[in-house]
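Can you look at this prediction? I've put the sequence above it.
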Amino acid sequence: MKNRVLLPCLCLILFLCQFVRAGGVLAADDTAALIVVVSVDQFAYEYLERFRAGFDPHGIINRCRRDGAWFTNCHHRHGVTTTGPGHSVQLTGAYPETSGIVDNDWFDRATGQDVYCVADPQVKTVGPANGHQPVSPRNLLVDTLGDRLKIVTDGRSKVFGIGAKDRAAILMAGHAADGAFFMNGRCQWITSSFYRDELPAYLRSWNGSDVAARYSGKTWDLLYDRSHYQHPKHEDSFAEHPSRSTADFPHKTHEAGSRDFFHDLLESPYGSEITLEAARLIIADEQLGKDEFPDLLAINLTPNDYIGHAYGPESLEVEDMTYRTDRMLGEFVDFINERLEGRHWIFVLTADHGVTPIPELAARWKLAAKRNPFIVDKNHRPGPASQMLEAYLRRMLGVTESEPSLVQAFTDTQVYLREDHAALKGTKFLEAQRYTRDWLLSRECVAAAVTREQCLSGGATGRTDAMLRRSFHPRRSGDVLYALEPFYIEGNSPAAHGQPWECDTHVPLLAISFGNASADNRVVPGRFYRRVSPASIAPTLASLLRITPPAGCVEDPLVEVLPKRTLATGATDSTAGK
């Protein structure tokens, strides 16, 4: 009798031990052990179609095409499409209006200086700083998916971010990460005291290795035979001007010891090789995906951006780098599959923004295109546009005093008015906003403009106006935000980005499950055509992990990729074990 009672009790205990998770809710044991999100910097969706015939059968693009979820119409929905905002969106599900990351830098009225999006004077650089300013996620006003995992699992999930750019690694990893690693000016890995007091041993060892010996004087030539490429047979380098290299293949890095050597690494495929090498070290040494608590690794591949800026999206260099990125990520996936030995894990590929073509090249085809239509002064000294706007506002408002100016700063995305100016009291401040908007819209290079008043009152309702509103934060943004016409850019790089147009907003969104898992936990494969946003990555992964999304998330999950059990039950804070 005793045995007949004891045996069912033991079975029940074993059953509960197998399925109870940190939140005390039952769940299947093949939920993803690891999430890897790769954001390729300046990776336009159109590359996936234009270079379709050239991708490696074993690369990540064709694997996702065959077995993964493929969104053809993924667009960033904020208007200022620069690196900082693009990376902040992906794993928070929040736009700059909530996250506060309105640009890579923003003007601070109180100091009259720019604020870098991840600058933090309260912390120290950990590792060989080499002049790198102290940084942290403190300016990010919302949490990330990794932060959410940390909360739910009581810190037992491991979360890391890595990329050459500090803002990319930090804004994807979040506040509670075990580490966010980025490069100094000599391509050595460093981090912030916000996360830890010293670099892990494996990165200290990597920094001590002789990277210079491996890449000194190394030549970047084409990956494939010339006939493999979609680019015209004659290499047209019109309007390309890489900062430290030749315009045509082959490109040779400078010798180690040269001041240009480390820049060459990041304007070549070698920067991505280095980043993925470090990512492998994190996975192996931190034992990601090896226990019952799901882990997260966010990776940024920076060189695509440097190459795109230097050579332009129509270049042979961008095509070759796209093929190399595809192949490198395919090999990286093979490494993880081998490490995890059949355990289920999920891979996501996206980008922080696309790219606007070289204006001079667009003009070749009779498109309206222009470089530096405003010639904005980066130090906020009054430039020609600022001076013209100042004169216009004074005339419209009847201001005669010579000092101070009404226009405090005129950047390449917005105008800051001097809100404490005696002539802008009460309704005059609103009038000045409207006059500024109307003056901007009267310029042939400006396509859209919205005022602070419109953003706060909900008056910016058209598609482009709404995108600018999502880039507006009341404490960090100016008083009028504007967008240039397509193919108009500020800056001296051959190609640029930052505007709310198709070429800058349209990015890949691919997801795929690897390893052994039931249909109830795998990413549902397919090709999907509705318009979606990279901000949906965070709530989608949260649903797959059965946790609630980050607090600032405003997008819905991508229901197309969610298995039926997720759609039926919804997400709960029950992740943390198998």
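That came through, no problem.

Can you mark which positions in the longest helix seen in the chain are buried?
Counting residues, the longest helix found in the chain (DSSP state H) is helix 316-340. By 16 or more other C-beta atoms under 10 Å, the buried positions in helix 316-340 come out as 316-330, 332-333, 336, 339-340. Any C-beta I mention is one placed from the backbone N, CA and C, and that applies to glycine too.

residues touching the most centrally placed residue in the chain, list them.
Closest to where the C-alpha atoms of the chain average out (C-alpha atoms, centre = their mean) is residue 87, at 2.5 Å. Contact partners of residue 87, counting by C-beta atoms under 8 Å, 6 or more residues apart in numbering, are 39, 167-168, 171-172, 300, 352.

would CSV of those with distance to residue 555, pLDDT and secondary structure be doable?
Rendered in CSV, the data for the contacts of residue 87 read as follows (distance: C-beta to C-beta, whole Å; pLDDT from 0 to 100; DSSP: H, G, I helix; E, B strand; the rest coil):
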residue, distance to residue 555, pLDDT, secondary structure
39, 16, 98, strand
167, 21, 98, helix
168, 20, 98, helix
171, 17, 98, helix
172, 16, 98, helix
300, 21, 98, strand
352, 16, 98, coil
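
Sticking with the residue nearest to the centre of the chain, tell me its helix or strand.
If you go by DSSP states H and E, residue 87 is part of helix 83-90.

so for that helix, what's the average pLDDT?
Averaging pLDDT along helix 83-90 gives 98.

For that helix, list the C-alpha coordinates in PDB.
Taking C-alpha atoms only, helix 83-90 is exported to PDB below (Å, rounded to 0.1, in the frame of the first residue of the first chain):
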ATOM      1  CA  THR A  83      22.900  54.300 -35.900                       C
ATOM      2  CA  GLY A  84      21.900  55.100 -32.300                       C
ATOM      3  CA  PRO A  85      18.100  55.200 -32.900                       C
ATOM      4  CA  GLY A  86      18.200  52.200 -35.200                       C
ATOM      5  CA  HIS A  87      20.000  50.000 -32.600                       C
ATOM      6  CA  SER A  88      17.900  51.300 -29.700                       C
ATOM      7  CA  VAL A  89      14.700  50.200 -31.400                       C
ATOM      8  CA  GLN A  90      15.500  46.600 -32.100                       C
END
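
Surely residue 539 touches residue 552?
No - counting by C-beta atoms under 8 Å, residue 539 does not reach residue 552; the two are 11.0 Å apart.

Can you check which residues contact both of those two?
residue 93.

quick one: the strands in the stretch 151-300 of the chain?
For the stretch 151-300 of the chain, applying DSSP state E, counting those that start in this stretch gives strands covering 159-163, 179-183, 189-192, 219-220, 251-252, 295-301.

tell me the domain ranges of the chain?
Domain segmentation of the chain under automatic domain parsing yields 34-231+238-336+510-522, 373-489.

Could you say which of those is packed most deeply?
Of these, the one with the most neighbours on average (mean count of other C-beta atoms under 10 Å) is domain 34-231+238-336+510-522, at a mean of 21.

Run the chain-centre distance for that one.
8 Å (C-alpha atoms, centre = their mean, to the nearest Å).

I'd like the distance between residue 126 and residue 46.
39 Å (C-beta to C-beta, to the nearest Å).

how near is residue 175 to residue 368?
In terms of C-beta to C-beta, residue 175 sits 44 Å off from residue 368.

Equivalent analysis for residue 320, please.
From residue 320 to residue 368 the distance is 30 Å (C-beta to C-beta).

Okay, helices next: where are they in the stretch 401-550 of the chain?
Assigned by DSSP state H, counting those that start in this stretch, the helices in the stretch 401-550 of the chain fall at 427-441, 452-457, 463-470, 502-505, 537-545.

Minimum distance to residue 242: which of those helices has it?
For the helices of the stretch 401-550 of the chain, proximity to residue 242 was assessed by C-beta to C-beta; helix 502-505 is nearest, at 20.8 Å.

Identify the residues contacting that closest one?
Helix 502-505 is contacted by residues 44, 46, 75-77, 81, 313, 353-357, 486, 497-498 when judged by C-beta under 8 Å, 6+ apart.

which intervals of this structure have sub-threshold pLDDT?
The chain contains residues with pLDDT under 70 at 1-28, 377-379, 381, 565-578.

Check the offset of the longest helix of the chain from the chain's centre.
Chain-centre distance of helix 316-340: 18 Å, with C-alpha atoms, centre = their mean.

so that helix versus strand 295-301, what angle?
160 degrees (axes from the mean of the first three to the mean of the last three C-alpha atoms, to 10 degrees).

and after helix 316-340, which helix or strand comes next?
Later in the chain than helix 316-340, the nearest helix or strand by DSSP H and E is strand 345-351.

That following strand to helix 83-90, inter-axis angle?
Counting by the same axes, to 10 degrees, strand 345-351 lies at 150 degrees to helix 83-90.

Could you name the helices and strands sitting against strand 345-351?
strand 34-40, helix 60-67, helix 316-340, strand 509-514, helix 537-545 (3 or more C-beta pairs under 8 Å, 6 or more residues apart in numbering; DSSP states H and E).

okay, the helix or strand following it in CSV with CA atoms only?
Remark: after strand 345-351, the chain's next helix or strand is helix 359-364, criterion DSSP H and E. Presented in CSV, the C-alpha positions along helix 359-364 are these (Å, rounded to 0.1, in the frame of the first residue of the first chain):
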residue,chain,number,x,y,z
PRO,A,359,23.9,62.3,-54.7
GLU,A,360,26.3,62.8,-57.6
LEU,A,361,25.4,59.4,-58.9
ALA,A,362,21.7,60.0,-58.6
ALA,A,363,22.1,63.3,-60.4
ARG,A,364,23.7,61.3,-63.3
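
Not counting its own residues, what contacts whichever helix or strand comes after helix 359-364?
Sequence-wise, the next helix or strand downstream of helix 359-364 (DSSP H and E) is strand 370-371. Outside strand 370-371, the residues that touch it by C-beta under 8 Å, 6+ apart are 359-360, 363, 445, 487-492.

Out of those, list just those in strands.
Counted as lying in strands by DSSP state E, out of the contacts of strand 370-371, are 488-489.

will you turn the contacts of strand 370-371 into a markdown table that also has distance to residue 481?
Converted to a markdown table, the contacts of strand 370-371 look like this (distance: C-beta to C-beta, whole Å):
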| residue | distance to residue 481 |
| --- | --- |
| 359 | 22 |
| 360 | 27 |
| 363 | 26 |
| 445 | 15 |
| 487 | 20 |
| 488 | 16 |
| 489 | 17 |
| 490 | 14 |
| 491 | 18 |
| 492 | 23 |
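
ok, so of the contacts of strand 370-371, who is nearest residue 219?
Closest approach between the contacts of strand 370-371 and residue 219, by C-beta to C-beta: residue 492, at 26.8 Å.
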